[in-house]
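In: Following is a predicted model, sequence given first.
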Amino acid sequence: GENVEQHPSTLSVQEGDSAVIKCTYSDSASNYFPWYKQELGKRPQLIIDIRSNVGEKKDQRIAVTLNKTAKHFSLHITETQPEDSAVYFCAAYSGGGADGLTFGKGTHLIIQP
Amino acid sequence: DAGITQSPRHKVTETGTPVTLRCHQTENHRYMYWYRQDPGHGLRLIHYSYGVKDTDKGEVSDGYSVSRSKTEDFLLTLESATSSQTSVYFCAISEPDPGYTFGSGTRLTVV
């Protein structure tokens, strides 16, 4: 089955700086890669996703890049703000069965004032 | 709201008692999932369903059972709760487009 590794587990950046979270996946058949943000005590919510036919996708201050050859994808947040503080999960979907997404273990992003 | 609700939101139960958590959706989505979330482990799949009465096990299914008698409801049962099942439980729904919508979660404490 699919295996997703996510790094780092904790990331602390100064407000206004950029943050990068990286994930690798094992199944070359995976074709959909979403990112979820989970604020303390809340549900995970989809913030951006990318499909395997696209190398990069942007939405305002966030972007996701995908390298299919290396089987890794990354989340980039620019001009970080206090409200970006949360746990971020990457995930991969291989489409081979009904068991859905495989998640990374999460990154706790801390924005220092 | 997101079209998916979980109940109860919080529950404290004693070791050895049965517990049932409910996930209800109004989106008519085919796929439903139960995850548990624990520090250091992220989201781990317990069971999933791909239609009425069609369910299968995830990676951490021991001690859990599920049922789906209607499209809108997916029940997770702990037959005999143990302290290791203290966790936050999330339900999620999706269509063949695999993006998930999560419920608000159930915080379960087994004492």
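Out: That came in fine, so what should we check first?
In: Once you drop chain neighbours, what's closest to B:Y64?
Out: Take B:Y64 and drop its neighbours on the chain: the residue closest to it by CB to CB, 6 or more residues apart in numbering or on different chains is B:I46, 5.2 Å away. (Each C-beta comes from the backbone N, C-alpha and C, glycine too.)
In: correction: B:G58
Out: The spatially closest residue to B:G58, leaving aside those adjacent along the chain, is B:L45, at 3.1 Å (CB to CB, 6+ apart).
In: and the one you found, what helix or strand is that in?
Out: strand B:42-51 (DSSP states H and E).
In: mind listing what that strand pairs with, with the direction of each?
Out: strand B:31-38 (antiparallel), strand B:54-57 (antiparallel) (DSSP bridges).
In: Turn these into a markdown table, columns for distance to A:I50 and mean pLDDT.
Out: Below are the strands paired with strand B:42-51 laid out as a markdown table (distance: least, CB to CB, whole Å; pLDDT from 0 to 100):
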| stretch | distance to A:I50 | mean pLDDT |
| --- | --- | --- |
| strand B:31-38 | 21 | 95 |
| strand B:54-57 | 27 | 94 |
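In: Could you check the lowest-mean-pLDDT helix or strand in chain A against chain B for contacts?
Out: One helix or strand of chain A scores below all others by mean pLDDT, DSSP states H and E: strand A:102-103, with a mean of 92. Yes: using CB under 8 Å from any CB of the partner chain, strand A:102-103 reaches chain B at A:F103.
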